[in-house]
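**Q** Give me a model of this one.
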Amino acid sequence: MRTIAEFEATARERLDPAHYDYFAGGAQDEITLRENEEAYKRLRLVPRVLRGSDKRDLSVDLLGTPSSMPILVAPTAFHRLAHPDGELATARAAARAGTIMIVSMASTTAIEDIAAAAREVAPDPGLWFQLYLQPDLEFTEAIVRRAENAGVKAFVVTVDSPVLGRRERDDRNAFHDLPPGLAVENLRNIGENRSGGTASHVRDIVMSALNWDHIAWLRSKTRLPVLIKGLLHAEDARLAVHHGVAGIVVSNHGGRQLDTVPATIDVLPEIAAAVGGALPVLLDGGIRRGTDVVKALALGADAVGVGRPVVWGLAAGGREGVSEVLEMLRADFDQALALCGGRHPADLTPDQVRR
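**A** A predicted model of the protein is given here:
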């Protein structure tokens, strides 16, 4: 298998149909879900020539965490729905690739076990932790301490989910609970009658009142960098700089929250301009090829995250499947970078992308 589409086809064959729809689906009519990929197809690359190098350096440093390439593992929930080894396999593959894995708070494996699995492969793995800040701030702080003790290097707060979007595939499949034996392990003991772990459980802990004061509260509780994920508006990016966050992730939640919002690549240039280099800008949504990575970096991203492609690799082949996806994307990006006349991701410039 040499394309993400081929991995997805294999994953679809192997997964329970309801579980495939959970991973593949988006909100309502899934317009944004489709647009995330289609938007890249409307962009054209303009290569530079006579700038070649026999050896390219794909590595980046993000807030003190080195990565062998600007392609990260985005946070996605419930990996054990895709493969029995779940997040353990993903963590080992990310560590082998030398890239950053952003662990989902809604993982089906505890952060301590994920970190231990990653350290089996690399002594100092690049693990970040995604948070949904919860109404119970005391419990939120307890999760922060657990993640810190496990060795994560940054927190990524998802801010686009005051409520959860309506995912009609899940409604049609009546998929609202994890199967017996699986749990949202990082949320055990959140409160009475909440010690299990169901898909609907996440709906119970999103915070509709989330605001900048909560981000300030989190920054006061940890010395680690705090990024916010889910920005689509340039003014929110300016506010992020004003409020002192360490970085932002341009994201529409993979088209799973508010349908008909723009593709992330379409709003990236104005957000990058609003930030003005004051902090790292990451992007996720729709990355399927190395040329997609080149376009995102040229238009202002410092790195990109991939979510569904990792899940398809996991479902198709466990740890080895995830490794193959990451190495395929690395090779594809390296080739596209070379053909665009770049030696390093920072060489890419906005004038190399046209509509």
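
**Q** Need the pLDDT of Pro123.
**A** Pro123 is assigned 97 on the pLDDT scale.

**Q** The one 4 residues further on too?
**A** On the pLDDT scale, Leu127 is placed at 98.

**Q** Compute the first-to-last residue distance for stretch 43-54.
**A** In stretch 43-54, first residue to last residue: 27 Å (Cα to Cα, to the nearest Å).

**Q** likewise stretch 43-53?
**A** One end of stretch 43-53 sits 25 Å from the other (Cα to Cα).

**Q** measure the closest residue to Gly26 other than its chain neighbours to Gly254 for me?
**A** Spatial nearest neighbour of Gly26, excluding adjacent residues (Cβ to Cβ, 6 or more residues apart in numbering): Leu33 at 3.1 Å. Bear in mind the C-beta positions are built from the backbone N, C-alpha and C, glycine included. To Gly254, Leu33 is 7 Å away according to Cβ to Cβ, to the nearest Å.

**Q** and for these two, which residues touch both?
**A** Jointly contacting Leu33 and Gly254 under the rule Cβ atoms under 8 Å, 6 or more residues apart in numbering are Gly26.

**Q** Could you verify that the residue nearest to Gly26 is part of a helix?
**A** Yes: the assignment for Leu33 (DSSP: H, G, I helix; E, B strand; the rest coil) places it in a helix.

**Q** Show me the helices in the stretch 251-355 of the chain, by range?
**A** 264-275, 290-298, 308-339 (DSSP state H, counting those that start in this stretch).

**Q** Specify the stretch among those that is closest to Phe129.
**A** Nearest of those to Phe129, taken as Cβ to Cβ: helix 308-339 at 16.4 Å.

**Q** residues in contact with Leu15?
**A** Here Leu15 is in contact with Phe23, Leu81, Ala82, Ala315 (Cβ under 8 Å, 6+ apart).

**Q** Just the buried residues of the residues you listed.
**A** Buried members of the contacts of Leu15, counted by 16 or more other Cβ atoms under 10 Å: Phe23, Leu81, Ala82, Ala315.

**Q** Please report the distance of the third one from Arg289.
**A** Taking Cβ to Cβ as the measure, Ala82 falls 22 Å from Arg289.

**Q** Contacts only, for the most centrally placed residue in the chain.
**A** For the chain, Ala74 is the residue whose C-alpha lies nearest the centre (Cα atoms, centre = their mean; 1.9 Å). By Cβ under 8 Å, 6+ apart, the contact set of Ala74 is Ile102, Asp284, Gly305, Val306, Gly307, Val310.

**Q** Tabulate those residues in a markdown table, adding columns for pLDDT.
**A** Putting these into a markdown table (pLDDT from 0 to 100) gives the following:
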| residue | pLDDT |
| --- | --- |
| Ile102 | 99 |
| Asp284 | 98 |
| Gly305 | 98 |
| Val306 | 98 |
| Gly307 | 98 |
| Val310 | 98 |
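
**Q** Just the ones of the residues you listed in strands?
**A** In strands, judged by DSSP state E, the following of the contacts of Ala74 are found: Ile102, Asp284, Gly305, Val306.

**Q** neighbours around the residue nearest to the second one when sequence neighbours are not counted, how many?
**A** Put plainly, it is Asp284. In space, and not counting its chain neighbours, Asp284 is closest to Gly305: 3.7 Å by Cβ to Cβ, 6+ apart. By other Cβ atoms under 10 Å, 27 other residues sit near Gly305.

**Q** quick one, strands of the protein?
**A** In the chain, the segments counted as strands under DSSP E are 44-45, 60-62, 65-67, 71-73, 101-103, 127-131, 155-158, 226-231, 247-250, 281-284, 303-306, 353-354.

**Q** ok, and what's touching the third one?
**A** Defining contact as Cβ under 8 Å, 6+ apart, one finds that strand 65-67 is touched by Ser59, Val60, Asp61, Gly98, Thr99, Ile100, Gly126, Trp128, Lys153, Ala154, Ala303.

**Q** got the buried residues for it?
**A** Of the residues in strand 65-67, Thr65, Ser67 count as buried by neighbour count, 16+ other Cβ under 10 Å.

**Q** before we move on, the earlier item: and of the strands of the chain, who's closest to Ala338?
**A** It is, among these and with distance given as Cβ to Cβ, strand 44-45, at 12.2 Å.

**Q** Which other helices and strands does that closest one contact?
**A** helix 290-298, strand 353-354 (3 or more Cβ pairs under 8 Å, 6 or more residues apart in numbering; DSSP states H and E).

**Q** possible to save the ones you listed as JSON lines with distance to Glu327 and mean pLDDT?
**A** Compiled in JSON lines, the helices and strands packed on strand 44-45 are given as follows (distance: least, Cβ to Cβ, whole Å; pLDDT from 0 to 100):
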{"stretch": "helix 290-298", "distance to Glu327": "12", "mean pLDDT": "98"}
{"stretch": "strand 353-354", "distance to Glu327": "25", "mean pLDDT": "98"}
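
**Q** Which of these has the highest mean neighbour count?
**A** Ranked by mean neighbour count, the helices and strands packed on strand 44-45 are led by helix 290-298 with a mean of 26 (mean count of other Cβ atoms under 10 Å).

**Q** Let me see the contact set for the closest residue to Val294 other than its chain neighbours.
**A** Of all residues not flanking Val294 in the chain, Ala336 sits nearest, at 4.6 Å (Cβ to Cβ, 6+ apart). Neighbouring residues of Ala336 by Cβ under 8 Å, 6+ apart: Leu45, Arg289, Gly290, Thr291, Val293, Val294.

**Q** residues touching the residue nearest to His19 when sequence neighbours are not counted, list them.
**A** Of all residues not flanking His19 in the chain, Leu81 sits nearest, at 4.6 Å (Cβ to Cβ, 6+ apart). For Leu81, the contacting residues are Leu15, Asp16, His19, Tyr22, Phe23, Thr108, Leu178, Pro179, Leu182, by Cβ under 8 Å, 6+ apart.
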